[in-house]
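Chemist: just coords:
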């Protein structure tokens, strides 16, 4: 069956499609049906089944004779350490750690916050929590105390599992003082903390409250506790527009079924293959494709503690792929742009044998065609853009390589996946014709594994996602479909700018700017203009070693946009900067840049990688007459 057949099969019989997919999971009690819609538009999947996440990710592989297969490869160019953990070893370590948590009163339904660096123990903690039916909430290691406190007060965890420190290329970030600060600020106080000591920076422990990881890990092992299909596996906080984070809930059964389905059908890996998502467990990619997806499917997953460049150079991705036999590689476009900026000619690629690598996947930010072409030319494999969100947990649109490799169209994450009925709507909620920019919405119900609601905030869920277009989930992204049904994501809805009545996509302009040979990375924002409403403004980061006069590059970029998009874009101003403000997952903070340009007050984004960059952006904007206090 090709893609069209599979998608048509889902459309014709969604219930049968997902019940078939559910047979690949091990159930303690199989569900009686797939969709539970008694409380629509709040939908649930496989609710009356009984199942355990950890059993499906670990124990069942051991029981089927695959205990000697490597489950986790830890590769840390920052500390120089590597480690391989088999499924049998993983089962023992997870069962003991779960036993240690259970002995201290962690039970089904209790929340546990995990605040860890990129080490295998982060995955062990996640799996141990799900083993006993508790609910984890991973917070990116190194998050500021006040942001961690907000999450503590919302999730109300019984315990927090943390690393003593995170190791960065040029510094050590002590986590324990940040954790202590957060607990001081928070109204809710966890019963205890568990601290994993990094030898580079051990922490002082408070007797009776802070427990050493080694003590918990030495407990007697416990078995997996089956939970209901609609029992939360985890809560993951994503930034909200109000500054209050939104706790995305992931129900256990739908999560297992959907992620397992994607591993073969989208990523084209078989059990035993090595899969690498170069992300962090603090983000949704780390949950879905470092921890759960690969392990549930029986793959080997890689935990990488490093950066795309600087640990030690722009060849670190290729070393890891070559050394560990990675078949399918997933990263963010921003990581490739960083590599391309340091190594524009792809010299480092030639130093490694990459014959094991079959496909590369990009997601997290729009993948500009220039970056995809660069990667295709140097890696000589398909480079697949795909689109999804923290809320959905896996691809909304993708190129389903395991079913059929569809023609790659640059700038498009390809086509809707089974479960997603995608519509492009105007402001009144009416479908627009092919090629017309509009709001991307998904007809309800969303498929299994997506968010059923928000943690303790059902009203906010309805208001944030379900009210603008009744009967649809509002993605918050803008784009269009072409005549063949390929989807193009052009911007967040907030990033579609209105220039003298013309609705224009900042993503389209960025695509043009990125095609300039000297431009490594760029961003376009809409700034307030009295005459035209908004005007586009470009930020350009140049390739390493680019020596040309900045004014010349800016003039050429302005002309490029004028030639490719037309005078209607009114693109007249751009500035060269050393770097762009980003979240730690690589998303460019365009909204914050707009606030600075327009002189509006803004809250420092919790996920910002380096707050100092905002001062550099402010200075650059002031040279153009913006960012007046």
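Modeler: All right, it came through fine. This one's a predicted model, so the numbers in the text were calculated from it and none came from an experiment.
Chemist: going forward, measure contacts and count neighbours with C-alpha atoms only.
Modeler: Noted.
Chemist: tally of neighbours for residue 463?
Modeler: 11 (other C-alpha atoms under 10 Å).
Chemist: can you pull the contacts of residue 217?
Modeler: When contacts are counted by C-alpha atoms under 8 Å, 6 or more residues apart in numbering, residue 217 touches 93, 96, 97, 100.
Chemist: State the phi and psi torsions of it.
Modeler: When read as degrees, to the nearest 10, the backbone of residue 217 gives phi -70, psi -10.
Chemist: now it: how far from residue 306?
Modeler: Computed as C-alpha to C-alpha, to the nearest Å, the residue 217 to residue 306 distance reads 26 Å.
Chemist: what's the answer for residue 507, then?
Modeler: Distance from residue 507 to residue 306, by C-alpha to C-alpha: 29 Å.
Chemist: Give me the mean pLDDT for stretch 52-62.
Modeler: Mean per-residue pLDDT for stretch 52-62: 98.
Chemist: Start and end of that stretch, how far apart?
Modeler: End residues of stretch 52-62 are separated by 15 Å (C-alpha to C-alpha).
Chemist: before we move on, what about stretch 336-355?
Modeler: End residues of stretch 336-355 are separated by 19 Å (C-alpha to C-alpha).
Chemist: Give me the contact list for it.
Modeler: 308-309, 314-315, 318-319, 321-322, 371, 374-375, 378-379, 520-521, 542-544.
Chemist: ok, of those, which come out buried?
Modeler: In these, burial by neighbour count holds for 308-309, 314-315, 318-319, 321-322, 371, 374-375, 379, 520-521, 542-544, counting by 16 or more other C-alpha atoms under 10 Å.
Chemist: From those, which land in helices?
Modeler: 318, 319, 321, 322, 371, 374, 375, 379 (DSSP state H).
Chemist: Report the contact partners of residue 119.
Modeler: 74, 303, 304, 305.
Chemist: how about 7 Å then?
Modeler: 74, 303 (C-alpha atoms under 7 Å, 6 or more residues apart in numbering).
Chemist: Then residue 577?
Modeler: 539, 540, 541.
Chemist: ditto for residue 264
Modeler: Neighbours of residue 264 in contact, by C-alpha under 7 Å, 6+ apart: 270, 402.
Chemist: so where do the strands sit in the stretch 501-629 of the chain?
Modeler: Under the criterion DSSP state E, counting those that start in this stretch, the stretch 501-629 of the chain contains strands at 502-505, 519-529, 533-542, 573-576.
Chemist: ok, now the stretch 351-500 of the chain?
Modeler: 359-362, 383-385, 397-398, 415-416, 422-425, 438-443, 472-481, 487-492, 496-499.
Chemist: now, of those strands, which is deepest in the fold?
Modeler: strand 383-385 (a mean of 26; mean count of other C-alpha atoms under 10 Å).
Chemist: That strand pairs with which strands, and in what direction?
Modeler: In the sheet, strand 383-385 lines up against strand 359-362 (parallel) (DSSP bridges).
Chemist: Just the mean pLDDT for the strand it pairs with, thanks.
Modeler: Strand 359-362 comes out at a mean pLDDT of 97.
Chemist: Show residues contacting that strand.
Modeler: Taking C-alpha under 7 Å, 6+ apart as the rule, strand 359-362 contacts 327-333, 381-386.
Chemist: So which of those residues wins on neighbours?
Modeler: residue 385 (29 neighbours).
Chemist: show me the contacts for that residue.
Modeler: Going by C-alpha under 7 Å, 6+ apart, residue 385 touches 361, 362, 363, 367, 398, 412, 413.
Chemist: Which one of those is nearest to residue 585?
Modeler: residue 363 (10.5 Å; C-alpha to C-alpha).
Chemist: I'd say the closest one and residue 332 touch.
Modeler: Yes: if you go by C-alpha atoms under 7 Å, residue 363 and residue 332 touch, sitting 5.2 Å apart.
Chemist: Distance-wise, check the residue lying farthest from the centre of the chain relative to residue 627.
Modeler: Centroid-distance maximum for the chain: residue 531 at 38.5 Å, with C-alpha atoms, centre = their mean. Using C-alpha to C-alpha, we find residue 531 at a distance of 18 Å from residue 627.
Chemist: Could you do residue 583 as well?
Modeler: For residue 583, the distance to residue 627 - C-alpha to C-alpha - is 21 Å.
Chemist: So which of those two has more stuff around it?
Modeler: residue 627 (20 against 16).
Chemist: Against which helices or strands is the lengthiest helix in the chain packed?
Modeler: Ranked by residue count and defined by DSSP H, the top helix of the chain is helix 87-103. Here helix 87-103 touches helix 120-131, helix 213-217, going by 3 or more C-alpha pairs under 7 Å, 6 or more residues apart in numbering; DSSP states H and E.
Chemist: Output the ones you listed in a markdown table; the columns should cover distance to residue 252 and mean pLDDT.
Modeler: Converted to a markdown table, the helices and strands packed on helix 87-103 look like this (distance: least, C-alpha to C-alpha, whole Å; pLDDT from 0 to 100):
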| stretch | distance to residue 252 | mean pLDDT |
| --- | --- | --- |
| helix 120-131 | 9 | 98 |
| helix 213-217 | 25 | 98 |
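Chemist: Highest mean neighbour count out of those?
Modeler: helix 120-131 (a mean of 26).
Chemist: okay, the angle between that one and helix 87-103?
Modeler: 60 degrees (axes from the mean of the first three to the mean of the last three C-alpha atoms, to 10 degrees).
Chemist: and after helix 120-131, which helix or strand comes next?
Modeler: Toward the C-terminus, helix 120-131 is succeeded by strand 135-138 as the next helix or strand (DSSP states H and E).
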